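Student: pasting the structure only:
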């Protein structure tokens, strides 16, 4: 009889599996969203833009400085032979912002492309979840090596992805509800500082909720491991068939030899 003071082997195994699931989820989220460095690369160009514009109100200098620092972050990534997707996304955002602001002459338009992207992303999270294909699952599926297996083979995980996508969509909509009125009513510096302040906290909240939902969900199905196992099994079956053919051919030759000798 198991002691009431000590966990059973099954309980220890379940606890270990839960810990492993949380660790894998944390690592996958860190990889998908870039971690601390990715957040710095997201915030730095906008922070530099609003800092310079607050001091001297020079749109051109602010825009050029933001673009230069965004490009520098990409160069650093390339020099370190690291993934550049997060830095490149920052560059594209800054480029569009600079183009908009230069075309209109309104410094607030530097922030408009990013705000529209945030609104579009919020709607994408909500619409895809309503359609039964939550966007966060499409983003994280390849990271967890499960691809789209969660849609039909892992309903508990699909439910977790749906909850996480709702969280992302609603958090981003709340962010838009703050920023778009400020775009019309506030000046450039006020809008810029609020936008910088809202870069990290909503993101961290969404990532934390995603981690909570997925850490409690069933483990992902590693479809890549399944494919490799199937390939190995097919090779084994082919080797077995080849051995059978070779054995049959050897038996046939032996029979022919025996018949010739008897004759």
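Tutor: Received the coordinates, thanks. Every value quoted in this text rests on a predicted model; they were computed, and no experiment measured them.
Student: And the helices in the chain?
Tutor: For the chain, the helices defined by DSSP state H cover 9-33, 35-56, 59-79, 85-104, 112-130, 135-140, 149-152, 155-185, 188-197, 200-215, 223-262.
Student: Could you export those as TSV, including mean pLDDT and mean neighbour count?
Tutor: Every residue, glycine included, has its C-beta placed from N, CA and C. Converted to TSV, the helices of the chain look like this (pLDDT from 0 to 100; neighbours: other Cβ atoms under 10 Å):
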stretch	mean pLDDT	mean neighbour count
helix 9-33	61	14
helix 35-56	83	18
helix 59-79	84	17
helix 85-104	79	18
helix 112-130	95	17
helix 135-140	92	21
helix 149-152	91	18
helix 155-185	96	18
helix 188-197	92	18
helix 200-215	91	17
helix 223-262	72	10
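Student: so how far is stretch 161-173 from its chain's centroid?
Tutor: In terms of Cα atoms, centre = their mean, to the nearest Å, the centre of stretch 161-173 is found 14 Å from the chain centre.
Student: which residues touch it?
Tutor: Stretch 161-173 is contacted from outside by 118-119, 121-126, 128-129, 134-137, 140, 150, 202, 205-206, 209-210, 213-214, using Cβ atoms under 8 Å, 6 or more residues apart in numbering.
Student: Check the spacing between residue 62 and residue 191 real quick.
Tutor: Using Cβ to Cβ, to the nearest Å, residue 62 is found at 13 Å from residue 191.
Student: Residue 95 now?
Tutor: Per Cβ to Cβ, residue 95 is found 19 Å from residue 191.
Student: Also residue 197?
Tutor: Distance, residue 197 to residue 191, by Cβ to Cβ: 11 Å.
Student: now residue 68
Tutor: 22 Å.
Student: go on, residue 63?
Tutor: Residue 63 sits 15 Å away from residue 191, going by Cβ to Cβ.
Student: dump the residue contacts of residue 195.
Tutor: With contacts defined as Cβ under 8 Å, 6+ apart, the neighbours of residue 195 are 46, 50, 111, 114-115, 179.
Student: Could you rerun that using 10 Å?
Tutor: Residue 195 is in contact with 43, 46-47, 49-50, 110-111, 114-115, 118, 175, 178-179, 182-183, counting by Cβ atoms under 10 Å, 6 or more residues apart in numbering.
Student: same question, residue 129
Tutor: Contacts for residue 129 (Cβ under 10 Å, 6+ apart) come out as 135-137, 161-166, 168-169.
Student: Turn the residues you listed into CSV, including distance to residue 244.
Tutor: Below are the contacts of residue 129 laid out as CSV (distance: Cβ to Cβ, whole Å):
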residue, distance to residue 244
135, 50
136, 49
137, 44
161, 46
162, 49
163, 52
164, 51
165, 51
166, 55
168, 55
169, 57
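Student: so what's the closest residue in space to residue 63 that isn't next to it in sequence up against?
Tutor: Closest residue in space to residue 63, ignoring its immediate chain neighbours: residue 98 at 4.4 Å, by Cβ to Cβ, 6 or more residues apart in numbering. Counting by Cβ under 10 Å, 6+ apart, residue 98 touches 45, 49, 59-60, 62-64, 66-67, 70, 109-110, 113.
Student: out of these, which one sits closest to residue 154?
Tutor: Closest approach to residue 154 among these (Cβ to Cβ): residue 113, at 36.4 Å.
Student: OK, contacts around the closest one?
Tutor: For residue 113, the contact set (Cβ under 10 Å, 6+ apart) comprises 92-101.
Student: Of the residues you listed, which is the nearest to residue 244?
Tutor: Nearest to residue 244 among the contacts of residue 113: residue 92, at 58.4 Å, using Cβ to Cβ.
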